[in-house]
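Engineer: take this sequence and fold it.
(one chain, ligands or ions: 1)
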Amino acid sequence: MSTPAILQLLPLNAPYAQERLSKHFDVIELWKEADPKAVIAQRKNDIQVVVTSAMTPTPASLIDDLPQLKAICSQGVGYDAIDVKHAQSKGIQVSNTPDVLNDCVADLAFGLLLATARKLGHAERYVRDHQWGTGAPFPLGVKVSHKKLGIVGLGRIGMAIAQRAAGFDMDIRYHNRSERFGIPYGYEASLIDLASWADFLIIATVGGDSTRGLVNAEVLKALGPNGIVVNISRGSVIDETALVKTLTSGELGGAGLDVYETEPQVPDALKTMDNVVLVPHIASATNETRKAMIDLVLDNVDSYATTGKVVTLVPAL
Ligand code: 8YV
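Structural biologist: Residues are numbered from 1 along each chain as shown. This next block holds a predicted model:
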């Protein structure tokens, strides 16, 4: 019987990661292989675990190429890039890395809200471009404290965002597929009604087909010419064409974005707008949180190797 193998689709960027993975498995570092398809075909009967990430496509075709696959261990809380339903239909466990990134993602959501409302990106350029004292005075921004915040997707990250909003004395309401009870925030069954009520909308839903295009032109227009939308979820949740159109027409006031429909491509029109703040999918990208995410991937692999069960199992879809 050959040594069980791990098919690792990406580096984990931690010096100790390979050592821990090698404790129980022969590790195939796929990104180093000249002919990945040949390696997969040659080793397919050894591979029991795939290590992947929230932004690394892990399709049904790959899952079907691995007849002995028992677990997919992903770095990241989102799993829309993994065909989880197909994996689960074959009895394959899928693990992600929830909770350890809630604070950093919520911090960045609020950072984007403050940056967009107070025009921090524009202000930085204004100073660096020597406009201060020479050009027109810097334009006024929008107050954040005591305003109305709508959260789309009140899961664990959404709740962390709400806690931050409470610290800014904001009125908080949310939209979910179903109402949550025992929490101090108002529920809006209609996303349009939430957008009409709110000064700011923060998108914190899961990605994937169930939320694709959820925030469409109608929602963005309901948020309105003084409204700001922030997205730390997935680019697929906002209709990006509608976003560009409503920002260009002035029907939407501003946007703070960490995620985009086809990363790393970002619509050029957004890059020309002073009422838009753009960052490159960095919500969980801190030393502390990325280490915690990597450690949780490794814990999931170790747990599968020693007990046959992963730790943070993605629930049945
Ligand atoms: C990272 C994310 O892109 O956790 C997610 O779902 O999108 C981000 O944290 C991901 O973890 C890949 O490293």
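Engineer: quick check: residues of the stretch 51-200 of the chain near the ligand?
Structural biologist: Proximity of the stretch 51-200 of the chain to the ligand is confined to S53, A54, M55, Q75, G76, V77, G78, L101 under the rule Cβ under 6 Å from any ligand atom. To be clear about C-beta, it is placed using only N, CA and C from the backbone, and glycine gets the same treatment.
Engineer: out of those residues, list just those in helices.
Structural biologist: Cross-referencing these against helices under DSSP state H gives no overlap.
Engineer: can I get those in JSON lines with neighbour count and pLDDT?
Structural biologist: Below are those laid out as JSON lines (neighbours: other Cβ atoms under 10 Å; pLDDT from 0 to 100):
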{"residue": "S53", "neighbour count": "23", "pLDDT": "98"}
{"residue": "A54", "neighbour count": "22", "pLDDT": "98"}
{"residue": "M55", "neighbour count": "16", "pLDDT": "97"}
{"residue": "Q75", "neighbour count": "26", "pLDDT": "98"}
{"residue": "G76", "neighbour count": "20", "pLDDT": "98"}
{"residue": "V77", "neighbour count": "23", "pLDDT": "98"}
{"residue": "G78", "neighbour count": "20", "pLDDT": "97"}
{"residue": "L101", "neighbour count": "26", "pLDDT": "98"}
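Engineer: need the max-distance pair from those residues.
Structural biologist: M55 and L101 (13.4 Å; Cβ to Cβ).
Engineer: what do these two both touch?
Structural biologist: By the contact definition Cβ atoms under 8 Å, 6 or more residues apart in numbering, M55 and L101 are jointly contacted by G76.
Engineer: which residues does A17 contact?
Structural biologist: Counting by Cβ under 8 Å, 6+ apart, A17 makes contact with P11, I294, V297, L298.
Engineer: of the residues you listed, keep whichever come out buried.
Structural biologist: Buried subset of the contacts of A17 (neighbour count, 16 or more other Cβ atoms under 10 Å): I294, V297, L298.
Engineer: just these: which are in helices?
Structural biologist: Counted as lying in helices by DSSP H, out of the buried ones among the contacts of A17, are I294, V297, L298.
Engineer: how far away is the first one from the ligand?
Structural biologist: Meaning I294. Here I294 is placed at a distance of 9 Å from the ligand (Cβ to the nearest ligand atom, to the nearest Å).
Engineer: phi, psi of Q18?
Structural biologist: Per-residue torsions, Q18: phi -60, psi -40 (degrees, to the nearest 10).
Engineer: can you check I28 too?
Structural biologist: In this entry, I28 is assigned phi and psi values of phi -100, psi 110 (degrees, to the nearest 10).
Engineer: that one bridge partners, please.
Structural biologist: With DSSP bridges applied, the residues forming beta bridges to I28 are L7.
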